[in-house]
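Asks: Can you look at this prediction? I've put the sequence above it.
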Amino acid sequence: MASTHTPAHPAGPAAGTQLLDHPGPNGSEARDSAARGSDHAGAAGAAGLAGHGDPFAPEAESSRHRMPRQTRGASPLLGVTAVAATLGATGFAAATPAAAPAVEAPDETPVALAADPGLALAARIQQQADSQRTAAEESARLQAAQEAEAKAAAKEAEAKRAAEEAERAKAAALTLPVKDYNLSAHYGQSARYWAHLHTGLDFAADTGTAVYAVGQGTITSAGWSGAYGYRIVETLPDGTEIWYCHLSSIIKGSGEVTSGQQIGKVGATGNVTGPHLHLEVRPGGGAPVDPEPWLQQHGLNP
C-alpha cells in the first residue's frame, strides 16, 4: 500500500503547479501530459480509496479543488481578430488620418532661384540690366523724336523764310508794263502838242493791248484825269507812284496788285495823237523822274 500511493501523492500537486505556473509556448503540451498523468493517478487513487480506504484522502480532496484544464488554441487569436474587426469598423476608421489632398507641385524654378543665392543674384543682375537697356532705348527714342521734331521745325522755318524772301523778291521785282510795243517818246522831250516838257515814257501799241502792273503795290486811284485820259495810279511799297495814262479801259480799279498782273488796256484817251501808254514814275508821290534809268536800276531795259 505504501509503495502504491507514495508516488501518486507528489504527482498530483506537481501536475497542478505545472498547469498554473508555466503558460509558456510549450506549456500546453506539458500541461496536457501532466494532466493526463494526473488523471491516471487520480483514477488510481480513487480506486484505492474506494476499495481499500486509503488514509491519504487529503490528496484526493486537493485534486478535486485543482483548476480545470483549459484548452488554449485559436481562442486568443480569434479574440484579437474580432477586436481588430470592431475597431476597424469604428475606432480605426476614425483614428486613421484622412489622406492628404493632392497638391500640385509648384514650379521648381523659383524654388531653385530662392534656394541658390548665386542664381538669385544673377537673376537680379539680369533684371537690372534689362531695366537699364529699356530705359536707354526709351531715352534714345525720345531723343530721336525730339531731334526729328526740331529738324521738322527748322525745315518749316526755313521754308517760311524762303517763302518770305521769294515774296519780297517778287515784290521788288519789276516788269515792263507792255510786252509788244515801240518807244515813241522819251522823258524831257518837247513838242508843239505838249504844254510842257514830256514827263514820261511812251509805249506805242495797238488799242486794247494789255497793260501790266510794273511792280507789286496798291492801286490808289483809277478813273478819268483830263489830258491823261483814263488813268490808274499804283503806289509801290516804297511810296513810289506809277501812273498809267491814256487807257482805253480799266480792269483793276483798286486794291493790291502783283507785278505783271493786268490792270488795263492801251488806248488813246486824253490829249494824244495815237494809241499808246504814257508811263510816269513819281518817287514818294512827288515830281516825275525819267522812267528809263529808274527801270534800268530795277533790272529792266525798255
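Replies: All right, it came through fine.

Asks: can you give me the helices for the stretch 201-302 of the chain?
Replies: Using DSSP state H, counting those that start in this stretch, the helices assigned to the stretch 201-302 of the chain run over residues 291-297.

Asks: Output the below-cut-off pLDDT ranges for it.
Replies: Scanning the stretch 201-302 of the chain for pLDDT under 70 picks out nothing.

Asks: Report how many residues lie close to Pro177.
Replies: 26 (other Cβ atoms under 10 Å). C-beta: built from backbone N, CA, C; applies to glycine.

Asks: Over to the one 4 residues further on?
Replies: Counted with other Cβ under 10 Å, residues neighbouring Tyr181 total 18.

Asks: how near is the closest residue to it other than its chain neighbours to His186?
Replies: Of all residues not flanking Tyr181 in the chain, Phe203 sits nearest, at 4.1 Å (Cβ to Cβ, 6 or more residues apart in numbering). Noted for Phe203: a distance of 11 Å to His186, by Cβ to Cβ, to the nearest Å.

Asks: residues touching the residue nearest to Tyr181, list them.
Replies: Leu176, Pro177, Val178, Tyr181, Asn182, Leu183, Ser184, Val266, His276, Leu277, Leu279, Pro302 (Cβ atoms under 8 Å, 6 or more residues apart in numbering).

Asks: buried ones in stretch 190-209?
Replies: By neighbour count, with 16 or more other Cβ atoms under 10 Å as the criterion, the buried positions of stretch 190-209 are His198, Thr199, Gly200, Leu201, Asp202, Phe203, Ala204, Ala205, Thr207, Thr209.

Asks: ok, now stretch 289-302?
Replies: Under 16+ other Cβ under 10 Å, the buried positions of stretch 289-302 are Val289, Pro291, Glu292, Trp294, Leu295, Leu300.

Asks: Make CSV out of these and add distance to Pro117.
Replies: Formatted as CSV, the buried residues of stretch 289-302 follow (distance: Cβ to Cβ, whole Å):
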residue, distance to Pro117
Val289, 98
Pro291, 98
Glu292, 99
Trp294, 94
Leu295, 93
Leu300, 91
